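S.K.: Predicted coordinates and the sequence they were generated for:
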Amino acid sequence: MKRPNYLSVLGGVQWMLALLCVLLAASVLYLGYTAHGDRADREEAIRGMRTGAALIASGALLYAVAAIGLWRRERWGWFFGATLNVLVAGFFLYDAYEGGATTDARDIVLALSLCGVALMFFAPPALRLFRPSLGHSNAVNAVRHE
């Protein structure tokens, strides 16, 4: 049996988020190394940008792990991806909420987009594949072995 289309889309979205994190980390490093100012300010900016890039790159690693788990049709991949995406969406929603008057449309669109990605994990096609409590306990094994 071929891979369900919904699973391919969900895994592809996770890979795309991982790639975006890698590109964002590279751009943060670039901005750090091209900072202007005196030597002490530049070194502090580079150190801060390295830390930020490392945190963003760790996000890329987490998204890649979720994508691999989904691609292999593992239940832990669904659980890990759902947890990761709900936490990230919650963080960005809270950030948009706490921004108050400084929150602009980009913050809101980003937060809602990440909520949409998180909700994809709880759509009926994903739940039928990965949740045994819905009466399809052999769905993962049937998809994996056929």
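M.R.: Now that the structure is in, tell me what you want to look at. Residues are numbered from 1 along each chain as shown.

S.K.: C-alpha from now on. contacts and neighbour counts both.
M.R.: Will do.

S.K.: so how far does stretch 92-110 reach from one end to the other?
M.R.: 8 Å (Cα to Cα, to the nearest Å).

S.K.: How about residues contacting that stretch?
M.R.: Ala111, Leu112, Leu114 (Cα atoms under 8 Å, 6 or more residues apart in numbering).

S.K.: Redo those residues as JSON lines? Include neighbour count.
M.R.: Output for these, formatted as JSON lines (neighbours: other Cα atoms under 10 Å):
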{"residue": "Ala111", "neighbour count": "21"}
{"residue": "Leu112", "neighbour count": "17"}
{"residue": "Leu114", "neighbour count": "22"}
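
S.K.: Save the residues you listed as TSV, and put in pLDDT, secondary structure and distance to Leu62 too.
M.R.: Formatted as TSV, those follow (pLDDT from 0 to 100; DSSP: H, G, I helix; E, B strand; the rest coil; distance: Cα to Cα, whole Å):
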residue	pLDDT	secondary structure	distance to Leu62
Ala111	90	helix	19
Leu112	92	helix	20
Leu114	93	helix	15
